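**Student:** mind looking at a prediction? Sequence and model below.
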Amino acid sequence: PCLETLKPWVDEIVVVDTGSQDATPDICEELGARVFHWPWRDDFAAARNESIDHARGEWIFWMDSDDTLPEHCGRQLRELVDGPHPDEMMGYVAQVHCPGKEPSDITAVDHVKLFRNRPDLRFEFRIHEQIIPSIRRAQGEVGWTGIYVVHSGSDQSQQGRARKLTRDFRLLEKELNDRPEHPFVLFNLGMTHADAGQYELAVDYLTRCINVSGQAESHLCKAYALLVNALSQLDRRQQAWEIVKDGLKLFPDNKELLFRLALLDHQFERYQEAAHTYHRILDEETERSFTSVDQGIASFKARHNLAVVYEDWDRFPEAENQWRILTSEHQEYFPGWRGLGENLLSQNKSKKLRQLLQGVQSRNDLQSLIHYFEGKLAILSEEYDQAKLHYELGLQIDQNNIPLLNEICRWHFECGNPIDSEHYLQRLISVNPDDPASFANLGVVLMQQGKYETAAHAFAESLKYRPDRPDVVQNLEYCQKHSSQKISATNGN
């Protein structure tokens with residue numbers, strides 16, 4: 001797919017194969033590529049430079065094998081190259097779009113992907129290789145484009161990610177030995193440790209990176225954002241707030257830093273400040289700069305969070321307005337519809353909720369959500385069997401729907417049916433294994449059935465995630481006591 005999407009728009013395709021064990025070289029040649037073999041040397045920049053050495057075009061556009069070029073972007077690429085260029089213009093920025101699990105989730109990463117074929121323009125760094133340092137040394141300029149490639153073929157399995165992290169750390173350690181305390185190397189080490197969930201190490205490397213970076217360096221703003229996130233993950237929120245304020249002194253309009261400031265202000269219950277910052281993110285235009293950012297933070301994710309801020313601030317009509325804007329602008333964003341429905345229920349606007357459900361009745365992607373809210377409306381009307389029916393119909397459509405599972409668990413729990421409650425709570429835990437409330441509720445229904453040993457295990461799991469619950473501690477001690485008494489009596493007999 002990579003080569004097929006490129007072929008109509010370029011004059012030649014150069015592939016450097018670094019050790020494929022399958023039919024990759026043959027497939028590339030069948031698709032018209034010039035294929036060269038080069039042994040892998042733990043150096044992405046060296047491999048890219050090898051490909052440049054074989055390129056015969058005036059301009060070079062580089063891609064990875066798991067990238068594809070959309071047709072309209074290919075047409076823009078061809079038109080750009082065929083057009084006029086100032087002598088000082090040596091490269092153009094295109095984006096790499098990395099899709100997430102949801103269609104609306106896209107992380108966009110800026111790269112200089114198109115540059116002149118000159119002997120002094122070469123990539124640097126073993127990993128996260130860069131062409132822009134050599135462009136700057138040549139006193140060249142870089143322009144912006146709307147072109148992007150889609151990076152969607154990489155291995156996202158747990159094993160694949162583990163292999164990638166192992167490789168990345170190995171290359172970064174070599175790079176650090178070659179370039180001690182280099183700001184870009186420190187940045188990449190911090191980013192990779194954060195990606196691995198090793199936040200203490202991420203904080204160390206990112207702090208060192210910021211301390212040795214010049215203000216003009218393209219990675220500096222992202223280093224602040226990653227450092228703030230790592231500190232937040234470690235629950236060092238006050239320090240994170242101070243760091244994000246430092247970052248905003250240098251980059252006052254950066255939307256990722258503003259987004260993290262708003263998150264922290266919300267957590268500190270500074271609702272007015274958080275709402276003001278989210279409005280800035282949504283309303284202000286900013287100049288384009290090098291970024292690697294989740295595109296949603298400047299649009300639907302900021303709008304979602306703003307609605308939640310208004311609700312936590314007990315300003316439900318303002319929240320409703322934000323949910324309505326969100327569902328109008330991003331109709332594919334499922335959480336927006338759920339947020340609007342919950343908001344209407346909170347305001348006792350059952351009639352408006354029914355109108356909303358009627359308006360989206362034909363939407364196949366919202367059927368499980370419709371059953372979810374029909375069930376809640378049935379509960380309000382004390383039509384409990386009807387509510388159960390809607391919840392079960394919704395689960396037939398989406399068996400891993402956490403809000404639906406929560407509701408049917410609550411229904412069985414409140415109806416005093418411990419056997420069915422146990423079944424649905426086990427299902428809920430299988431898809432949401434980090435929820436302390438589910439484990440605590442499971443412990444209660446097991447305790448009601450006299451299953452003290454398994455109930456004790458469930459209460460212990462709940463306390464792993466939320467240790468400050470005296471009622472759960474009391475239930476755990478009760479089950480442990482009764483479980484040991486039962487074992488002792490059995491041994492005595």
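**Tutor:** Alright, I've got the coordinates. From a predicted model like this one, the values you see are computed outputs, not experimental measurements. Residues are numbered from 1 along each chain as shown.

**Student:** tell me the buried residues in stretch 268-281?
**Tutor:** By neighbour count, with 16 or more other CB atoms under 10 Å as the criterion, the buried positions of stretch 268-281 are 270-271, 273-275, 277-278, 280-281. Heads up, the C-betas are built off the backbone N, CA and C, glycines and all.

**Student:** and it, C-alpha only, in CSV?
**Tutor:** Taking only C-alpha atoms (Å, rounded to 0.1, in the frame of the first residue of the first chain), the coordinates of stretch 268-281 have been written out as CSV:
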residue,chain,number,x,y,z
PHE,A,268,-7.6,22.0,41.7
GLU,A,269,-11.3,23.0,41.4
ARG,A,270,-10.4,26.3,39.9
TYR,A,271,-13.3,26.1,37.5
GLN,A,272,-13.3,29.7,36.3
GLU,A,273,-9.6,29.6,35.3
ALA,A,274,-10.1,26.2,33.6
ALA,A,275,-13.1,27.3,31.6
HIS,A,276,-11.3,30.5,30.6
THR,A,277,-8.3,28.5,29.3
TYR,A,278,-10.4,26.0,27.4
HIS,A,279,-12.2,28.9,25.7
ARG,A,280,-8.8,30.3,24.7
ILE,A,281,-7.9,27.0,23.2
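
**Student:** contact partners of it?
**Tutor:** For stretch 268-281, the surrounding residues in contact (CB atoms under 8 Å, 6 or more residues apart in numbering) are 237, 241, 255, 258-259, 261-263, 265-266, 297-298, 302-303, 305-306, 309-310, 312-313.

**Student:** quick one: low-confidence residue ranges for the stretch 101-250 of the chain.
**Tutor:** 103 (pLDDT under 70).

**Student:** ranges for the strands of this protein?
**Tutor:** Counting by DSSP state E, residue ranges of the strands within the chain are 14-17, 34-37, 59-61, 67-68, 89-99, 106-116, 141-151, 292-294.

**Student:** what strands flank the third one, and is each parallel or antiparallel?
**Tutor:** For strand 59-61, the pairing partners within the sheet under DSSP bridges are strand 106-116 (antiparallel).

**Student:** the second one now?
**Tutor:** Each strand paired with strand 34-37, and its direction, by DSSP bridges: strand 14-17 (parallel).

**Student:** can I get the CA coordinates of the partner strand in PDB?
**Tutor:** What follows is strand 14-17, C-alpha atoms only, in PDB (Å, rounded to 0.1, in the frame of the first residue of the first chain):
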ATOM      1  CA  VAL A  14      14.000   4.200  -4.000                       C
ATOM      2  CA  VAL A  15      13.800   1.500  -1.400                       C
ATOM      3  CA  VAL A  16      16.700   0.600   0.900                       C
ATOM      4  CA  ASP A  17      16.100  -2.900   2.400                       C
END
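
**Student:** check contacts around residue 266.
**Tutor:** The contact partners of residue 266, by CB under 8 Å, 6+ apart, come to 274, 305, 308-309, 312.

**Student:** at 10 Å what do you get?
**Tutor:** Contacts for residue 266 (CB atoms under 10 Å, 6 or more residues apart in numbering) come out as 273-275, 277-278, 305-306, 308-309, 312-313.

**Student:** what is the burial count for the nearest residue to residue 241 once chain neighbours are set aside?
**Tutor:** Using CB to CB, 6 or more residues apart in numbering and skipping the chain neighbours, the partner closest in space to residue 241 is residue 264 (4.7 Å). Residue 264 is surrounded by 24 other residues when neighbours are defined as other CB atoms under 10 Å.

**Student:** ok, residue 381 to residue 316 distance?
**Tutor:** Residue 381 is 22 Å from residue 316, where distance means CB to CB, to the nearest Å.

**Student:** picking that back up, can you add mean neighbour count and give the strands of the chain back as JSON lines?
**Tutor:** Listed next are those as JSON lines, based on neighbours: other CB atoms under 10 Å:
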{"stretch": "strand 14-17", "mean neighbour count": "19"}
{"stretch": "strand 34-37", "mean neighbour count": "15"}
{"stretch": "strand 59-61", "mean neighbour count": "20"}
{"stretch": "strand 67-68", "mean neighbour count": "20"}
{"stretch": "strand 89-99", "mean neighbour count": "20"}
{"stretch": "strand 106-116", "mean neighbour count": "19"}
{"stretch": "strand 141-151", "mean neighbour count": "17"}
{"stretch": "strand 292-294", "mean neighbour count": "18"}
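
**Student:** mind putting those in TSV, distance to residue 430 included?
**Tutor:** Converted to TSV, these look like this (distance: least, CB to CB, whole Å):
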stretch	distance to residue 430
strand 14-17	43
strand 34-37	47
strand 59-61	46
strand 67-68	35
strand 89-99	26
strand 106-116	28
strand 141-151	31
strand 292-294	28
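
**Student:** re the thing from before, from the contacts of residue 266, which land in helices?
**Tutor:** Filtering these for membership in helices, criterion DSSP state H, returns 273-275, 277-278, 305-306, 308-309, 312.

**Student:** save those as JSON lines, and put in pLDDT and distance to residue 230 too.
**Tutor:** JSON lines is the format used below for the ones in helices among the contacts of residue 266 (pLDDT from 0 to 100; distance: CB to CB, whole Å):
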{"residue": "273", "pLDDT": "98", "distance to residue 230": "22"}
{"residue": "274", "pLDDT": "98", "distance to residue 230": "21"}
{"residue": "275", "pLDDT": "98", "distance to residue 230": "26"}
{"residue": "277", "pLDDT": "98", "distance to residue 230": "21"}
{"residue": "278", "pLDDT": "98", "distance to residue 230": "22"}
{"residue": "305", "pLDDT": "98", "distance to residue 230": "20"}
{"residue": "306", "pLDDT": "98", "distance to residue 230": "25"}
{"residue": "308", "pLDDT": "98", "distance to residue 230": "23"}
{"residue": "309", "pLDDT": "98", "distance to residue 230": "24"}
{"residue": "312", "pLDDT": "98", "distance to residue 230": "25"}
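
**Student:** closest to residue 210 among the residues you listed?
**Tutor:** Distance from residue 210 was checked for each of the ones in helices among the contacts of residue 266 by CB to CB. The minimum falls on residue 277, at 21.8 Å.

**Student:** the nearest residue to the closest one once chain neighbours are set aside: neighbouring residues, count only.
**Tutor:** Here the nearest residue to residue 277 in space, its sequence neighbours aside, is residue 262; by CB to CB, 6+ apart that works out to 3.9 Å. The burial metric for residue 262, expressed as a neighbour count using other CB under 10 Å, is 26.

**Student:** look at residue 262 and report its pLDDT.
**Tutor:** Reported pLDDT at residue 262 in the predicted model: 98.

**Student:** distance of it from residue 397?
**Tutor:** According to CB to CB, residue 262 stands 34 Å off from residue 397.

**Student:** and what of residue 147?
**Tutor:** As for residue 147, its distance to residue 397 is 39 Å (criterion: CB to CB).

**Student:** try residue 75
**Tutor:** Counting by CB to CB - residue 75 and residue 397 are separated by 40 Å.

**Student:** ok, now residue 167?
**Tutor:** Distance, residue 167 to residue 397, by CB to CB: 40 Å.

**Student:** for stretch 282-296, measure first residue to last.
**Tutor:** Start and end residues of stretch 282-296 are separated by 11 Å (CA to CA, to the nearest Å).

**Student:** right, I'll leave it there.
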